[in-house]
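Student: All I have is the shape, not the residue letters:
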């Protein structure tokens, strides 16, 4: 049986927020650091979703990804 992993930008932000809240990631770290929390096949999908939403894995930070989420809550 296979399961589809939800790699929408909304779900990625939710998962990243959870990792930051657990202190597993810091907001200042590059997005590339997310790769350690995903299986290889899942990471490829996450990477594509981030890049298709204008994020650079090396130059954007975790905080950049979460900032969009925080702005939309206002």
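Tutor: That came through fine. Being a predicted model, the structure only gives us computed values, none of them experimental. Numbers count the residues shown, from 1 in each chain.
Student: in a helix, that's where residue 59 is, yeah?
Tutor: No. Under DSSP: H, G, I helix; E, B strand; the rest coil, residue 59 sits outside any helix and is assigned coil.
Student: who's in contact with it?
Tutor: residue 30 (CB atoms under 8 Å, 6 or more residues apart in numbering). Any C-beta I mention is one placed from the backbone N, CA and C, and that applies to glycine too.
Student: Distance-wise, check it relative to residue 8.
Tutor: 22 Å (CB to CB, to the nearest Å).
Student: State the pLDDT value of residue 70.
Tutor: Looking at residue 70, its pLDDT reads 56.
Student: typo on my end, residue 66
Tutor: 96.
Student: Please list the residues outside the helix or strand hosting residue 16 that contact it.
Tutor: Assigned by DSSP states H and E, residue 16 belongs to helix 9-21. Residues outside helix 9-21 that contact it (CB under 8 Å, 6+ apart) are 25-27, 34, 37, 46, 49-50, 53, 62, 65-66, 68-69.
Student: which residue is nearest the centroid of this protein?
Tutor: residue 12 (4.5 Å; CA atoms, centre = their mean).
Student: Tell me the buried residues in stretch 11-21?
Tutor: Neighbour counts using 16 or more other CB atoms under 10 Å place 12-13, 16-17, 20 of stretch 11-21 among the buried residues.
Student: Pick out the most distant pair among the residues you listed.
Tutor: The distance between the two most remote of the buried residues of stretch 11-21 (CB to CB) is 12.5 Å, for 12 and 20.
Student: Perfect, that will be all.
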